[in-house]
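[1] make a model of this:
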Amino acid sequence: AWAILWSPFSPSSPRPITVEQTIESGGASRLALSSPVPLRAVTVTDRGGDRTTVFPGREASVELAPSTASVAVNTRSTASLGRVNVTLAIAAPAPVRRLSAVLSSGSDFVLYDCTFPFVHEEEGRYRLLAGAFPPSPLSLGLTLPEGGSYRLELELELDSPLLGTGVSAPSSRIEERVRIRALVDIPT
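    The predicted structure is shown next:
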């Protein structure tokens with residue numbers, strides 16, 4: 001005897017859809033959708049209005065209207081004896097689940113001190129190990145050589161629903177993730 005159990009997705013058994021919103025420095029925003037089964041009809045709402053699109057596959061990408069959500073960074077610095085102490089106050093639009101930060105320069109340099117532990121990955125590049133659930137605003141202190149030009153690349157995973165965007169699909173359970181990327185130039 002053979003038994004076959006077939007259960008289509010329904011409100012009592014919704015299909016899972018993961019939606020990740022990525023907001024780049026400058027406001028460019030996009031959604032990445034994925035599901036273990038074909039996505040089919042998905043309605044996306046943003047500042048540009050509502051639109052329903054049918055996706056035959058299990059993964060899709062949707063460009064959104066530019067986002068106003070951003071990371072606010074206030075910088076102050078003091079110079080002494082050839083070194084510059086830079087303090088950055090980093091504020092996100094929602095609680096931060098995880099922060100990733102990379103400090104880089106066009107040439108190799110010495111990162112004398114940092115609020116967080118750090119790893120020298122390669123010439124001119126340090127990864128700052130900030131950890132999970134940092135406070136907001138986050139105070140980050142750096143001690144750098146004077147007379148250089150540095151760039152801090154931030155990537156924040158937020159503990160938040162989608163920012164300024166909505167996604168709906170019939171008979172679906174939607175898991176939302178938000179990621180914001182920001183670039184901060186630090187002249188010393």
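[2] direction included, what does the strand or helix carrying Val167 pair against?
    Counting by DSSP states H and E, the element that carries Val167 is strand 166-168. If you go by DSSP bridges, strand 166-168 pairs up with strand 40-46 (antiparallel).
[3] so the residue nearest to Arg127 when sequence neighbours are not counted versus Ala132, what's the distance?
    Nearest residue to Arg127, sequence neighbours excluded (C-beta to C-beta, 6 or more residues apart in numbering): Val119, at 4.9 Å. In short, each C-beta sits where N, CA and C put it, glycine included. According to C-beta to C-beta, to the nearest Å, Val119 and Ala132 sit 17 Å apart.
[4] before we move on, back to that, any buried residues in the strand holding Val167, and which?
    For strand 166-168, the neighbour count (16 or more other C-beta atoms under 10 Å) marks Val167 as buried.
[5] the next helix or strand after it to strand 40-46, inter-axis angle?
    Counting by DSSP H and E, the next helix or strand C-terminal to strand 166-168 is strand 172-187. Angle of strand 172-187 versus strand 40-46, following axes from the mean of the first three to the mean of the last three C-alpha atoms, to 10 degrees, is 40 degrees.
[6] quick one: buried residues of strand 172-187?
    Quick answer for strand 172-187 (16+ other C-beta under 10 Å): Ser172, Ile174, Glu176, Arg177, Val178, Arg179, Ile180, Arg181, Ala182, Val184, Ile186.
[7] list the neighbouring strands of it plus their orientation.
    Here, using DSSP bridges, strand 172-187 pairs with strand 15-23 (parallel), strand 149-158 (antiparallel).
[8] any buried residues in stretch 75-93, and which?
    So for stretch 75-93, counting by 16+ other C-beta under 10 Å, buried means Arg83, Val84, Asn85, Val86, Leu88, Ile90, Ala92, Pro93.
[9] does Arg76 belong to a helix or a strand, and which?
    Per DSSP H and E: strand 72-80 holds Arg76.
[10] contacts for that strand, please.
    84-91, 137, 146, 154, 182, 184, 186, 188 (C-beta atoms under 8 Å, 6 or more residues apart in numbering).
[11] one more time with 6 Å
    Applying C-beta atoms under 6 Å, 6 or more residues apart in numbering, the contact partners of strand 72-80 are Val84, Asn85, Val86, Thr87, Leu88, Ala89, Ile90, Ala91, Glu146, Val184.
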